[in-house]
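> next one to model:
(one chain, ligands or ions: 2)
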Amino acid sequence: MAKLELQNLRKQYRSDVIPVNDISLTVEDGEFLTLLGPSGCGKSTLLRLIAGLETPTLGTVIIGNKNVNHVAPGERNIAMVFQSYALYPHMTAAENITTALRLKKMPPEEINRRLTEAATTLELTNLLDRKPGQMSGGQRQRVALARALVRDPEVFLLDEPLSNLDALLREQVRSQMKQLFKTQNKPVVYVTHDQTEAMTLSSRVAVLYKGKVQQLDTPSRIYSHPANEFVASFVGSPQMNLFTLRCQGETVRLGDNIITFNQDEFPNNHIILGIRPEHISLTTVEDTNAIKGQIILIEELGKEKLVSVKIDNCDLIIRALLSQDNIQEGDSVYLGLSPKNFHWFDISTGQRINC
Ligand code: ADP
Ligand code: MG
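Ligands and ions are numbered 1, 2, ... in the order given. So this is what the prediction gives:
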């Protein structure tokens with residue numbers, strides 16, 4: 001069984017470039033863990049450390065209970081899939097898929113068995129004699145996945161493998177991949193900056209920022225209980241509305257509403273309140289309990305609209321269903337909020353406060 005474990009991993013390039021800063025995590029057999037974070041946050045560096053393509057400044061990589069820090073990349077029994085596919089242009093799909101097996105001098109019957117199985121799984125059977133130049137992006141990416149599968153590695157590493165595909169194809173390959181890795185029963189570490197990919201594919205997501213794991217949790221917990229202001233703002237589309245509000249005792253004012261939070265001793269004069277756009281209701285019917293505002297912009301998205309509203313002390317964005325009121329820019333509206341959907345964050349540390 002090939003559990004993957006990272007212990008206090010650090011990679012420092014210069015005194016001020018530390019893309020991986022003390023990361024510890026475990027990926028169990030059959031677990032699909034995604035590293036999610038903005039460009040430049042250290043995702044690829046972390047993957048390359050696991051693969052052995054980079055040497056850690058500090059810390060340990062353990063695969064199947066074995067410290068592999070001094071094991072060369074080729075000996076780690078890891079299969080990596082890259083955004084660029086990295087296929088040999090002069091080789092056919094079949095040759096590309098089986099290169100590593102042929103180098104290992106595996107018996108031809110076994111190579112053929114694995115090739116047939118992977119080609120069937122990834123619907124490549126009719127394309128095996130084509131070269132990369134004669135295939136579409138999606139087909140090339142499936143060849144790259146097949147090349148990883150046939151190696152039967154202990155760990156799969158995938159670095160933004162869908163980023164070069166157009167939106168429709170990305171969705172198709174995404175669901176194929178989910179099925180595929182479910183049957184593999186190996187640790188999978190998947191890197192992406194795309195929150196939809198992270199949320200739909202993974203059993204757990206590690207949100208990375210500034211070289212650190214900001215939160216490691218299930219997709220639903222990341223959405224419902226973001227650990228800090230960064231995670232709150234990075235996950236969710238459109239972004240969570242975040243307001244910096246002045247505390248008056250245990251209350252803050254949002255528009256013409258006074259909101260109470262239960263925090264015995266609150267050290268700061270300000271607090272951050274987060275509310276997701278999908279958790280605000282909107283009506284044109286006057287409601288004295290609701291917050292009064294004015295619509296400044298409506299963006300139609302087909303089944304829903306994004307409505308920007310100006311209230312007394314700030315602007316916010318609301319996801320409104322099309323069936324909801326026939327609204328227009330300039331209209332006065334009333335916003336309904338439910339305290340159970342409030343997220344509070346400490347102004348100085350950005351950490352979640354459970355009020
Ligand atoms: P991501 O994959 O999340 O976009 P990377 O891991 O590629 O980010 O890079 C993280 C940071 O480390 C970036 O600021 C990048 O410029 C820096 N970096 C990556 N590789 C090197 C290197 N070989 N030398 C110096 N800096 C590097
Ligand atoms: Mg990268």
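
> so what touches the helix or strand in which residue 156 is found?
Counting by DSSP states H and E, the element that carries residue 156 is strand 155-159. Residues outside strand 155-159 that contact it (Cβ atoms under 8 Å, 6 or more residues apart in numbering) are 2, 4, 27, 43-44, 47, 50-51, 63, 76-83, 148, 181, 184, 186-191. In this view, the C-beta of every residue, glycine as well, is placed from N, C-alpha and C.

> next: stretch 309-329.
238-239, 241, 243, 253-256, 275, 277-278, 280-284, 291-298, 302-308, 333, 335.

> mind listing what the residue of the stretch 51-200 of the chain found nearest ligand 1 touches?
Residue of the stretch 51-200 of the chain nearest ligand 1, by Cβ to the nearest ligand atom: residue 191 (6.6 Å). Applying Cβ under 8 Å, 6+ apart, we find residue 191 in contact with 34-35, 43-44, 46-47, 157-160.

> did I read that right, it in a helix?
No - counting by DSSP: H, G, I helix; E, B strand; the rest coil, residue 191 is not found in a helix; it is strand.

> who's it bridged to?
residue 35, residue 159 (DSSP bridges).

> just the CA trace of stretch 255-263, in CSV.
Output in CSV follows, covering the C-alpha atoms of stretch 255-263 (Å, rounded to 0.1, in the frame of the first residue of the first chain):
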residue,chain,number,x,y,z
GLY,A,255,-26.4,49.3,5.5
ASP,A,256,-29.3,50.3,7.7
ASN,A,257,-29.1,47.0,9.7
ILE,A,258,-27.5,46.4,13.0
ILE,A,259,-26.0,42.9,13.2
THR,A,260,-25.0,41.4,16.5
PHE,A,261,-22.2,38.9,16.9
ASN,A,262,-21.5,36.8,20.0
GLN,A,263,-17.9,37.3,20.9
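
> which outside residues touch that stretch?
250-253, 271, 273, 290-293, 311-314, 335, 337, 339, 342, 344, 353, 355.

> mean confidence for that stretch?
Mean pLDDT, computed over stretch 255-263, is 83.

> before we move on, the earlier item: where helices are concerned, which of the contacts of strand 155-159 count?
Taking DSSP state H, the ones among the contacts of strand 155-159 that sit in helices are 43-44, 47, 50-51, 148, 181.

> show the buried residues in those.
43-44, 47, 50-51, 148, 181 (16 or more other Cβ atoms under 10 Å).

> out of the residues you listed, which touch ligand 1?
Applying Cβ under 6 Å from any ligand atom to those, one finds that 43-44 fall near ligand 1.

> report the two of the buried ones among the ones in helices among the contacts of strand 155-159 separated the most.
The distance between the two most remote of those (Cβ to Cβ) is 19.7 Å, for 44 and 181.

> and the spatially closest residue to residue 5 that is not a sequence neighbour, how far from residue 28?
Computed as Cβ to Cβ, 6 or more residues apart in numbering, the closest residue to residue 5 that is not its neighbour in sequence is residue 62, at 4.0 Å. Plainly put, residue 62 is 13 Å away from residue 28 if you go by Cβ to Cβ, to the nearest Å.

> who touches both of those two?
residue 3.

> and the next element down the chain from the helix or strand encompassing residue 320?
Secondary structure assigned from DSSP H and E places residue 320 in strand 314-321. Following strand 314-321 in sequence order, the next helix or strand is strand 332-337 (DSSP H and E).

> quick one: that next one to chain centroid distance?
Mean-position distance between strand 332-337 and its chain equals 32 Å (Cα atoms, centre = their mean, to the nearest Å).

> residues making contact with the next helix or strand after that strand?
Next along the chain after strand 332-337, taking DSSP H and E as the criterion, comes strand 343-346. Strand 343-346 has contacts (Cβ under 8 Å, 6+ apart) with 226, 228-229, 232, 240, 242, 261, 263, 268, 271-275, 351-355.

> gap between the two ends of stretch 90-110?
24 Å (Cα to Cα, to the nearest Å).
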